[in-house]
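S.K.: coords please:
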Amino acid sequence: MEHKRKKILYIITKSAWGGAQKYVYDLATHLSPEQFDVTVAAGGNGELFTRLARAHIRAIPIPALERDVHIIKELAAFFYLAKIIAREKPDVVHLNSTKIGILGAIAAKCAFLATGRFSYIIFTAHGWGFKEDCFVLWHGTIFLAEFFGSLFQNKIIVIDSADYQSARKFIPARKLVLIPNGINAPQFLSRERARAMIVEKIGYPIDSSRLLIGTIAEFTKNKGLPYLLDALSRISRLSLDISSAPICVIIGSGENEKSMHQRIRALGLETSVFLPGFMPDAAMYMPAFDIFALPSVKEGLPYVVMEAMAAGLPIVASQVGGIQDLIEDGKNGILVPPKNPDALSRALHSLFQDAGTRASFGAYSRLKVKTKCTLRDMIEKTVCIYQNE
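M.R.: Numbering: from 1, shown residues only. Model (predicted):
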């Protein structure tokens with residue numbers, strides 16, 4: 001008798017490429033096609049759809065689904081989701097992002113009432129929404145919404161230990177499972193080639209002897225990039241020889257890109273900080289960097305930090321979320337308080353002065369990510385949940 005494949009429907013709010021989208025893509029493209037029938041639904045028309053098409057994974061756009069809250073659009077997205085789930089009749093609905101974790105879970109229950117077909121509902125928390133940098137009242141509203149959504153979810157995957165401990169305070173332990181993100185090491189360019197391509201992209205020569213700070217991030221409030229600019233401004237004032245001062249390249253794009261350019265001009269950093277924009281497969285350029293910086297105010301378990309570790313880079317990052325699972329302060333990087341440009345500038349400056357520490361941090365990073373952050377482990381543990389639902 002032919003074995004029936006299990007139908008998995010992944011749903012995520014945005015299709016613009018980021019950590020949560022990479023998570024969905026990695027799962028969707030690594031499940032056995034003999035065991036699983038995979039479909040992905042998402043809002044927008046971003047890079048996720050392009051990559052899924054190349055991988056021959058079926059994708060469904062959700063026209064009204066956006067990250068921002070608009071009541072009319074939420075209702076439209078909700079009914080569209082319920083219609084999709086009722087039509088697809090998935091065995092597992094795997095939800096990603098705060099908004100879809102709530103809307104999608106309720107829509108799946110409504111689809112069950114309409115069709116009588118039960119779907120097992122899994123939600124992956126890519127950083128709890130109630131930890132967003134926002135007003136206290138909004139914190140409470142998001143917390144209540146996430147708690148309400150959890151009532152409709154059968155299993156909740158948490159990707160870092162800090163969020164797991166937070167979840168234990170309001171979600172039954174039987175629903176929770178900790179499955180950290182994992183990666184296959186990217187195909188990196190050589191240092192020389194990576195630097196040459198970045199120089200070509202920014203249109204500014206970088207002497208091979210100059211240190212290069214790098215980051216890859218979406219230009220949103222959660223990434224804390226203005227604090228990095230403030231830290232770099234402090235460092236630039238310490239450099240007597242401007243020709244030997246560090247260069248910073250921030251790869252990415254997003255809603256705050258215009259304000260980032262304005263802040264760079266206001267701080268007089270036009271010849272030391274460059275924004276080349278979105279670059280596909282940006283991780284391959286990491287060997288160009290001497291130090292990786294991530295000044296986030298909120299994080300889950302960031303892929304970009306794991307990729308920087310795989311590139312053998314020393315890392316300076318905020319002490320938030322899953323970053324603390326990846327960076328051991330004083331072993332493979334330096335952790336600093338979020339929103340603290342003074343601490344950030346001191347940490348970066350200390351690494352500028354110490355090539356030996358940069359090398360030892362980088363070696364420890366490469367070893368740790370190779371042994372403790374593998375994509376294979378993430379896939380196997382997630383598949384166990386699918387098979388045992």
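S.K.: can we go C-alpha only for contacts and neighbour counts from here?
M.R.: Fine.
S.K.: Please identify the buried residues of the helix or strand of the chain with the lowest mean pLDDT?
M.R.: Least confident helix or strand of the chain, by mean pLDDT, DSSP states H and E, is helix 136-150 with a mean of 75. Neighbour counts using 16 or more other CA atoms under 10 Å place 139, 142-143, 145-146, 149-150 of helix 136-150 among the buried residues.
S.K.: cool, and stretch 111-131?
M.R.: 111-112, 118-131.
S.K.: Same check on stretch 327-337?
M.R.: 327-329, 331-337.
S.K.: ok, so of these, who is nearest residue 30?
M.R.: For the buried residues of stretch 327-337, the residue nearest residue 30 by CA to CA is residue 327; the value is 27.1 Å.
S.K.: Might you report the residue contacts of that closest one?
M.R.: 315, 333-335 (CA atoms under 8 Å, 6 or more residues apart in numbering).
S.K.: and if we set it to 6 Å?
M.R.: residue 333 (CA atoms under 6 Å, 6 or more residues apart in numbering).
S.K.: And it, its phi and psi?
M.R.: phi -100, psi 120 (degrees, to the nearest 10).
S.K.: what does residue 156 give?
M.R.: Phi and psi for residue 156, reported as degrees, to the nearest 10, are phi -120, psi 120.
S.K.: try residue 381
M.R.: phi -70, psi -40.
S.K.: That one and residue 375, how far apart?
M.R.: 10 Å (CA to CA, to the nearest Å).
S.K.: who's more crowded, the two?
M.R.: residue 375 (19 against 14; other CA atoms under 10 Å).
S.K.: Please verify my assumption that that one contacts residue 179.
M.R.: No - assessed by CA atoms under 6 Å, residue 375 is found out of contact with residue 179, at 10.8 Å.
S.K.: Low-confidence regions, the protein specifically.
M.R.: Low-confidence segments of the chain, defined by pLDDT under 70: 1-3, 67-70, 131-139, 238-244, 389.
S.K.: before we move on, the earlier item: sort out for me which of the buried residues of stretch 111-131 are in helices.
M.R.: 111-112 (DSSP state H).
S.K.: ok, which stretches of the chain are helices?
M.R.: Under DSSP H, the chain gives helices at 19-30, 47-54, 71-88, 98-115, 136-150, 161-167, 191-202, 225-238, 257-266, 303-310, 323-326, 341-352, 355-372, 375-387.
S.K.: Now do the contacts for residue 129.
M.R.: Here residue 129 is in contact with residue 98 (CA under 6 Å, 6+ apart).
S.K.: any idea how far it lies from residue 16?
M.R.: For residue 129, the distance to residue 16 - CA to CA - is 18 Å.
S.K.: do residue 371 as well
M.R.: For residue 371, the distance to residue 16 - CA to CA - is 30 Å.
S.K.: Which one's more surrounded, the two?
M.R.: For residue 371 versus residue 16, the count of surrounding residues by other CA under 10 Å is larger for residue 16: 18 against 8.
S.K.: Now do the more buried one against residue 375, distance only.
M.R.: 22 Å.
S.K.: and residue 64, how many neighbours?
M.R.: Residues lying near residue 64 (other CA under 10 Å) number 18.
S.K.: residues in contact with stretch 265-277?
M.R.: Against stretch 265-277 from outside (CA under 6 Å, 6+ apart): 202, 247-253.
S.K.: Could you do stretch 353-360 as well?
M.R.: Contact with stretch 353-360 is made by residue 314, as judged by CA under 6 Å, 6+ apart.
S.K.: Nearest to residue 343 among the buried residues of helix 136-150?
M.R.: The closest of the buried residues of helix 136-150, once distances to residue 343 are taken by CA to CA, is residue 139, at 26.6 Å.
S.K.: hmm, back to that, now the least confident helix or strand of the chain and helix 98-115, what's the angle there?
M.R.: 30 degrees (axes from the mean of the first three to the mean of the last three CA atoms, to 10 degrees).
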